[in-house]
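Peer 1: this one's sequence-less:
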Ligand code: AP5
């Protein structure tokens, strides 16, 4: 039996839970998790030319230019690990990025199968983002109130000291939300016209969000 690749997008504002759920979906369906935010932070940490350029935008809550992010995406999409499909987390964020993804997938005889939109109100987003703590070593994500680590300030998995993302400060978060509304929210209509978009309430507990996402995928994953 030939298994067709599965390509799904997690769309939603900053703090909606895209990263949390993308990891779970990738594990459940054996897909490659492509988080452009994580990839960019990795470049920043390594101090590459791309990282230095990207940090100028990220620190202000602005979008990194489409060409830079597009090259990074294309490299991942053409890798062997992407052969069974991908979960796109934080990509696309503009219409140009959505068009590029369509083109790259079409070259591989694939297409976006489903877009899962996580809907969460602004007040909840701010509370989630400002309480987020991340592990700089293994990438695990916590929340000081709702998903605290067992020992305060230390990663459960690897023991490293948890940190707060530079762009998770209040004023930068507000700019990220503004940028989301202006550039990324219009993608909802870009995809809803194709009848591949499913809206899921992201304001419930993570396990319940995951259950609803799987339910919303219906027979796309069959
Ligand atoms: P990126 O890293 O993609 O950030 P984002 O989209 O703003 O999303 P977040 O990572 O803040 O939130 P999330 O939805 O993943 O939520 P999470 O699961 O972590 O991008 C950062 C920057 O990089 C951008 O601003 C831009 O500059 C640049 N960039 C990235 N991609 C780009 C692109 N394609 N083009 C141009 N520029 C790009 O959860 C958040 C918190 O809530 C956590 O603490 C978590 O524990 C908690 N939580 C999660 N789910 C729940 C729940 N159900 N209930 C309670 N708490 C929950």
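Peer 2: In hand now; what should we look at? Just so you know, these numbers come straight off a predicted model, no measurement behind them.
Peer 1: poorly predicted segments of this structure, please.
Peer 2: Within the chain, the ranges that satisfy pLDDT under 70 run 1-2, 221-222.
Peer 1: in it, what residue is nearest the ligand?
Peer 2: Evaluated by Cβ to the nearest ligand atom, the chain has residue 37 as its residue closest to the ligand, separated by 2.0 Å. From N, CA and C alone the C-beta is placed, and that goes for glycine too.
Peer 1: what's the distance between that residue and residue 198?
Peer 2: Distance of residue 37 to residue 198, given as Cβ to Cβ, to the nearest Å: 22 Å.
Peer 1: again with residue 31
Peer 2: Shown here: residue 31 relative to residue 198, a distance of 17 Å by Cβ to Cβ.
Peer 1: more neighbours, these two?
Peer 2: Relative neighbour count places residue 31 above the other of residue 31 and residue 198, with 22 against 19, counting by other Cβ atoms under 10 Å.
Peer 1: and the more buried one, what does it touch?
Peer 2: By Cβ atoms under 8 Å, 6 or more residues apart in numbering, the contact set of residue 31 is 6, 8, 25, 84, 85, 86, 87.
Peer 1: neighbours around the nearest residue to the residue of the chain closest to the ligand once chain neighbours are set aside, how many?
Peer 2: Taking Cβ to Cβ, 6 or more residues apart in numbering, and ignoring the residues beside it in sequence, residue 37 has residue 90 as its nearest neighbour in space, at 4.6 Å. A count of neighbours around residue 90, defined by other Cβ under 10 Å, yields 22.
Peer 1: over to residue 196?
Peer 2: Applying other Cβ under 10 Å, we find 16 residues neighbouring residue 196.
Peer 1: please enumerate the strands of the protein.
Peer 2: With DSSP state E applied, the chain shows strands at 6-11, 32-35, 85-89, 114-119, 132-134, 141-143, 197-201, listed in chain order.
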